[in-house]
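Engineer: predicted model and sequence below, questions to follow.
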Amino acid sequence: MRVMAIVVRIIRQFFRDKRTLALMIVAPMFILLLMDLVFNGEQYKPAIAVSEHVPDMVVDKLKEAGAKVKELSEQQAREQLDDQDIDAWLEMNGSAPHVTLEGSDPTANQAVMAAVQQAFQSMAPKPPFQLKTTYWHGSSDMASFDYFGPVLIGFFVFFFVFLIAGVSFLRERTNGTLERLMATPLRRWEMVAGYMIGFGLFTTIQASLISWFAIDGLDMMMEGSFGYVLLITFLLAMTALALGMLLSAFANNELQMMQFIPLVVVPQVFFSGLFNLDTMEEWLRSLSVIMPLTYGADALRDIMVRGKGFSAIAVDVYVLLGFTLLFMVLNVVALKKYRKL
Amino acid sequence: MSVHPPIQVERVSKRFGKKVVIDDVSLDVRAGEIFGLLGPSGAGKTTLVRMIAGIDQASEGTIRVLGANMPNLGAMKRIGFMAQSDALYGELTALENMQFFASIYGLRGKKQKERIDDMLALVNLTDDRKKPVHQYSGGMKRRLSLAIALLHEPDVLILDEPTVGIDPVLRQSIWAELERIRQRGTTIVVTTHVMDEAEKCGRLGMIREGRLIAVGRPDELKQKAGAETIEQAFLTFGGARR
Ligand SMILES: Nc1ncnc2c1ncn2[C@@H]1O[C@H](COP(=O)(O)OP(=O)(O)O)[C@@H](O)[C@H]1O
Ligand SMILES: [Mg+2]
């Protein structure tokens, strides 16, 4: 069958091109590992200077809360704040504590405030009742990486497949082989199908490896079924594949293909839930409806963080399937540029 | 086989936007002949043979190949096409390139292997068949393209400037090969802008600025123009139209 001829050829080309193979699989894992190291690093230990009037008990409590504490005069403290040797300066105005933050690093600010609040809270009389917290989803030791993670998996699969599919198909256009194939009885849909299957095999392996690495290797939070994660990453990859092929029709060289990244790929990251969109203008937020990554990320989060089953991700699955089919049909139409039949 | 000529071009014009690239061309190519399309660069040779091969569509007029109105996928199965620039997969070996195109034409198994071996031997690439094509010289790539165009034993072979960038010795051997293919009954259309190559064609169509200025056997054309060489004849026919 002619479709199989294309599949076999694509697989052979892939094995010849070890670099691309490595890029598709190793690069996403490497970046996920880096993100993991950055977001899951040791908690920040703030350096807090205290005036002599601060009670010893508070100093002890600050240390307990993980801060590095030293006693300084006001003059010294000002100098050290200026040199960023300390993150904050704690003094007492009568019985009221007063904190001066160095202030340029939000992470340090938060760490200081958490330590100080914890220290003074433990000194206040016990409240008559204690608030009890239960987590509907997630848990108290869920890291922010666990929340970003599903979006990142989706994003990397999408990004790398988009790029490589786009560049490969572009090469087929620029080196004349696409036109040459149009002089054979190959049908336009067979061309598209061959690419989808040939690349699909690779992206399946790629998506599985990335998901496995993130979940088992990096120990990302995983409440739901691994099979569903694979289903979604596969569908995202197929969407990216069809879209990459389609957009390659509008690029004349590899650099122009790269220029689609800020236009097509990066906005999807902002809209797909890596950042909270609730504060955004309504009309702007609705843009996310046309972005495939929105559905992929939403489904991955439902599976990995909230442990949901198929009924929760069904809509996302159908929408991604719809995107893939739509882009495939558009590809068949776009090939008319090379042969009317 | 039918009594109709295998290729019939009837009053064909082709426009790109407003630009007329092929202007009211009619010609027949007869079974088992080598038909040369001779003309300077930009004359419209590539455009014309692409329409004959079914890749492009005429703006006006009809093209019939092997009895079918082009473009037609059924007829395309019986056409071999060699493009002006080599369209090969550089990272694959010659053998893998041939296997790919053979499967596209539906050749399988033992038959595929036989045809590939025969064609590799024909263009003298048997020893280099396992080399990746990006290591090939320009001449080797042209020969491989020719071998690929011949894989499925086409009834009609269309070659767009097959000898460009090929050294004179190899050029001779390719023309000798075309003659052998013709003798086995294949109809061949070949474009060229090299005047002395034109002498080797059975019949010749001279094309200039999209118009067919003369058709006939090389000796016939020279005689008609009262010229010593094809080049002079071309100039005479071209000038006569002005
Ligand atoms: N796709 C196209 N769009 C616009 N003009 C074209 C296109 N293809 C060819 N042409 C023009 O048609 C003319 C004939 O080109 P071509 O058939 O390639 O000539 P030849 O093969 O004889 O050198 C040239 O002037 C070329 O610029
Ligand atoms: Mg040409």
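Structural biologist: Cool, the structure landed. Ligands and ions are numbered 1, 2, ... in the order given.
Engineer: who's in contact with residue 120?
Structural biologist: Just going to use chain A. Applying CB atoms under 8 Å, 6 or more residues apart in numbering or on different chains, one finds that residue A:120 lies in contact with A:58, A:61, A:97. All C-beta spots, glycine's among them, are computed from the backbone N, C-alpha and C.
Engineer: oops, wrong one, chain B.
Structural biologist: Shown here is residue B:120, whose contacts under the criterion CB under 8 Å, 6+ apart are B:94, B:95, B:98, B:126, B:129, B:147.
Engineer: closest one to ligand 1 out of those residues, please.
Structural biologist: The closest of the contacts of residue B:120 to ligand 1 turns out to be residue B:147 (CB to the nearest ligand atom; 22.6 Å).
Engineer: how's chain A carved up into domains?
Structural biologist: As assigned by automatic domain parsing, chain A contains the domains A:2-39+A:143-337, A:47-121.
Engineer: so how many other residues sit close to the closest residue to residue A:104 other than its chain neighbours?
Structural biologist: Excluding the flanking residues, the one nearest residue A:104 by CB to CB, 6 or more residues apart in numbering or on different chains is residue A:84, at 7.7 Å. Residues contacting residue A:84 under the criterion other CB atoms under 10 Å in any protein chain shown number 12.
Engineer: per-residue pLDDT, residue B:241?
Structural biologist: At residue B:241 the predicted local confidence, pLDDT, stands at 44.
Engineer: burial check on residue B:217, number of neighbours?
Structural biologist: When counting by other CB under 10 Å, one arrives at 13 neighbours for residue B:217.
Engineer: thinking again about what came up before, just say helix, strand or coil for the residue nearest to residue A:104.
Structural biologist: Classification of residue A:84 using DSSP: H, G, I helix; E, B strand; the rest coil returns coil.
Engineer: name the element the closest residue to residue A:182 other than its chain neighbours belongs to?
Structural biologist: Of all residues not flanking residue A:182 in the chain, residue A:339 sits nearest, at 3.9 Å (CB to CB, 6+ apart). With the criterion set as DSSP states H and E, no secondary-structure element contains residue A:339; it sits in neither a helix nor a strand.
Engineer: give me the contact list for the helix ranked longest in chain B.
Structural biologist: Ranked by residue count and defined by DSSP state H, the top helix of chain B is helix B:168-183. The contact list for helix B:168-183, computed with CB under 8 Å, 6+ apart, reads B:32-34, B:122-124, B:139, B:142-143, B:146, B:150, B:157, B:159, B:162-163, B:166, B:188, B:190, B:197, B:200, B:202.
Engineer: and what of stretch A:53-71?
Structural biologist: Contacts made with stretch A:53-71 from outside it, assessed by CB under 8 Å, 6+ apart, are listed as A:43, A:45-52, A:86, A:90-92, A:97, A:111-112, A:114-116, A:118-120, A:122-123.
Engineer: residue in the stretch 201-341 of chain A with the shortest distance to chain B?
Structural biologist: Proximity to chain B, evaluated over the stretch 201-341 of chain A using CB to the nearest CB, is greatest for residue A:341 at 4.5 Å.
Engineer: give me the element that residue is part of.
Structural biologist: Element membership for residue A:341 (DSSP H and E) is empty, with no helix or strand holding it.
Engineer: returning to what we had before: reformat the contacts of residue A:120 as JSON lines; add distance to ligand 1.
Structural biologist: Listed next are the contacts of residue A:120 as JSON lines, based on distance: CB to the nearest ligand atom, whole Å:
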{"residue": "A:58", "distance to ligand 1": "81"}
{"residue": "A:61", "distance to ligand 1": "79"}
{"residue": "A:97", "distance to ligand 1": "78"}
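Engineer: in strands, which of those fall?
Structural biologist: residue A:97 (DSSP state E).
Engineer: so for the residue nearest in space to the middle of chain B, what's the pLDDT?
Structural biologist: Centroid check for chain B by CA atoms, centre = their mean gives residue B:159 as the closest residue, at 2.0 Å. pLDDT, the model's per-residue confidence, is 94 for residue B:159.
Engineer: which residue is most remote from the mean position of chain A?
Structural biologist: For chain A, the residue at maximal distance from the C-alpha centroid (CA atoms, centre = their mean) is residue A:94, at 48.4 Å.
Engineer: distance of that one from ligand 2?
Structural biologist: Counting by CB to the ion, to the nearest Å, the separation of residue A:94 from ligand 2 is 93 Å.
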